[in-house]
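Asker: coordinates for the following, if possible.
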Amino acid sequence: MTITQAVMRRYSTKSFDPAKKISADVMEEIKTLLRYSPSSVNIQPWHFIIAQSEEGKQRIAASTQPGYEFNTAKITNASHVVLLCAKTDIDDAHINAVLEQEDKDGRFATPEHKAANNGGRNFFVNFHKEKLSDLPHWLEKQTFLNLGALLLGAGALGVDAVPMEGMDFDTLNNEFGLSAKGLAPVAVVSLGYRSADDFNAVLPKSRLPEEQIISII
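Answerer: Modelled structure (predicted):
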């Protein structure tokens, strides 16, 4: 499957078949997608809670009651559900952890390269923290990059998915103690396989025309 075929295949799944489960091998690939998504200066400001048990899915689905009941079955009938969380701050410990992992993985030819990389990362973190005062928003944007990679990657793996923000994030925060961990819920993505009666599966994709959204200069 080519990338464009994956783009055209994927859609927001409205109804999952609860009898169809994602295999362990495919879930390992999905976890790799989550780990290796790009982020600005490789800051990786995220944590993922993956619900694969019925109990775990019910804990996430609690955030749809009341007011967002239209999303409940998309969670409970899915094979797996990913709660994407973003860090609310970046401290020295996280920056150092990223730097040392990069060093361990062999990204630096010399100590000077390591120091330059660390300086660049600190510059951008401090720029958003002190100059723009938008660090939490910037970190959330990095997590949405991950969400996009997850949706495209799932499509390439033949896995159906739907991203959702229609839920009570305070419920998710309380259920998983996110604030105490320095995290904020960003979105939920249900993964699995479409049911035969999913109306959205047979509808044509609709996007604005190329000439309206792309300018060649």
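Asker: so in that sheet, which strands flank the longest strand along the chain, and in what orientation?
Answerer: Longest strand in the chain, counting residues (DSSP state E): strand 183-192. Using DSSP bridges, the strands paired with strand 183-192 are strand 80-87 (antiparallel), strand 160-164 (antiparallel).
Asker: relative orientation of the helix or strand following the shortest one and strand 183-192 in degrees?
Answerer: Stepping forward along the backbone from strand 160-164, the first helix or strand reached (DSSP states H and E) is helix 169-176. Between helix 169-176 and strand 183-192, the angle formed by their directions is 90 degrees, by axes from the mean of the first three to the mean of the last three CA atoms, to 10 degrees.
Asker: show residues contacting helix 169-176.
Answerer: Identification of contacts with helix 169-176 by CB atoms under 8 Å, 6 or more residues apart in numbering yields 49, 59-60, 62-63, 83, 178-179, 184-185, 188. For glycine as for every other residue, the C-beta is placed from the backbone atoms N, C-alpha and C.
Asker: list just the nearest of the residues you listed to residue 164.
Answerer: The shortest approach to residue 164 among the contacts of helix 169-176 belongs to residue 188, at 4.8 Å (CB to CB).
Asker: what about the closest one, neighbour count?
Answerer: When neighbours are defined as other CB atoms under 10 Å, residue 188 has 28 of them.
Asker: so where do the helices sit in the protein?
Answerer: Along the chain, counting by DSSP state H, helices occupy 3-9, 24-35, 54-61, 72-76, 92-104, 111-126, 135-156, 169-176, 210-213.
Asker: ok and the third one relative to strand 80-87, angle-wise?
Answerer: Relative orientation of helix 54-61 and strand 80-87, computed by the same axes, to 10 degrees: 50 degrees.
Asker: of the contacts of helix 169-176, closest to residue 151?
Answerer: Of all those, residue 151 sits closest to residue 188, with 12.4 Å by CB to CB.
Asker: contacting residues around the residue positioned nearest the centre of the chain?
Answerer: Centroid check for the chain by CA atoms, centre = their mean gives residue 147 as the closest residue, at 3.1 Å. With contact set as CB under 8 Å, 6+ apart, residue 147 has these partners: 84, 163, 186-187, 189.
Asker: repeat for residue 71
Answerer: 64, 164, 166-167.
Asker: what about it, distance to residue 173?
Answerer: Distance of residue 71 to residue 173, computed by CB to CB, to the nearest Å: 17 Å.
Asker: now do the buried residues in stretch 58-70.
Answerer: By 16 or more other CB atoms under 10 Å, the buried positions in stretch 58-70 come out as 59-64, 68.
Asker: contacts for that stretch?
Answerer: Here stretch 58-70 makes contact (CB under 8 Å, 6+ apart) with 49, 51, 71-72, 75-76, 81, 83, 166-169, 171-172, 175-176, 188.
Asker: for residue 126, which of the strands paired with strand 183-192 is the nearest?
Answerer: Nearest of the strands paired with strand 183-192 (CB to CB): strand 80-87, 15.3 Å.
Asker: could you check the angle helix 92-104 makes with the closest one?
Answerer: 110 degrees.
Asker: gap between strand 80-87 and the chain center?
Answerer: Counting by CA atoms, centre = their mean, to the nearest Å, strand 80-87 is centred 6 Å from the centre of its parent chain.
Asker: thank you, goodbye.
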